[in-house]
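*Asks:* Let's see this in three dimensions:
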Amino acid sequence: MADTKTTPEFKEMFLGVLENIPNITAACKLLEINNSSIFRARKSDPEFDAAISEAMNSGYDMIEEEARRRAVEGVLEPVYYKGEQVLDANGNPGGIRKYSDRLILELLRAYKPKRFNPGVKLGMGDGEKFTLTLNLGGD
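*Replies:* Residues are numbered from 1 along each chain as shown. Predicted coordinates:
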């Protein structure tokens, strides 16, 4: 991987990639550059550092929206019969819509942690007094 000089044009390109792949290491691999170049540029350029955080947040928002879509709207999975994809009544490729209960639960835990992730309580029987409470919710 090359050690890229972080010109304004390069920074703009890197931020565009980061909005779609909100992971610095993965973005660097895609662009075939050393991630040390990015870390040095972040240190020396506070505006670039802030722009990276903003681009990553934008990328995470995109991923979150995709998770919501898959959980609520579902994903059409093709159905095959004897090696051929089944067609619907209009002759279009058909399928079964699958929803993700796991994704919807994770989204609920993220947005309503007190209600959907209240914490863990442990206790001991046999007269021992021991209680451990972990509150993992943040709101």
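*Asks:* Packing partners of the helix or strand hosting residue 54?
*Replies:* Using DSSP states H and E, residue 54 sits within helix 46-72. Judged by 3 or more C-beta pairs under 8 Å, 6 or more residues apart in numbering; DSSP states H and E, the packing partners of helix 46-72 are helix 8-20, helix 35-44, helix 101-111. The way it works is simple: take the backbone N, C-alpha and C, and place the C-beta from them, glycine included.
*Asks:* which residues sit against the helix or strand just after that helix?
*Replies:* As assigned by DSSP H and E, the chain's next helix or strand after helix 46-72 is strand 75-78. For strand 75-78, contacts defined as C-beta atoms under 8 Å, 6 or more residues apart in numbering pick out 85-86, 93-98, 100.
*Asks:* next SSE after strand 75-78?
*Replies:* Defined by DSSP H and E, the subsequent element after strand 75-78 is strand 80-81.
*Asks:* and that following strand, what's its mean pLDDT?
*Replies:* For strand 80-81, mean pLDDT is 94.
*Asks:* picking that back up, which positions within the helix holding residue 54 qualify as buried?
*Replies:* 48, 51-52, 55-56, 59, 67, 70-71 (16 or more other C-beta atoms under 10 Å).
*Asks:* Let me have these in TSV, extended by distance to residue 9.
*Replies:* Listed next are those as TSV, based on distance: C-beta to C-beta, whole Å:
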residue	distance to residue 9
48	13
51	14
52	16
55	16
56	20
59	20
67	33
70	36
71	39
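*Asks:* Would you mind putting those residues into TSV with pLDDT and distance to residue 33 alongside?
*Replies:* As requested, the buried residues of helix 46-72 are arranged in TSV below (pLDDT from 0 to 100; distance: C-beta to C-beta, whole Å):
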residue	pLDDT	distance to residue 33
48	96	14
51	97	17
52	97	14
55	96	16
56	95	17
59	94	18
67	93	29
70	94	32
71	93	35
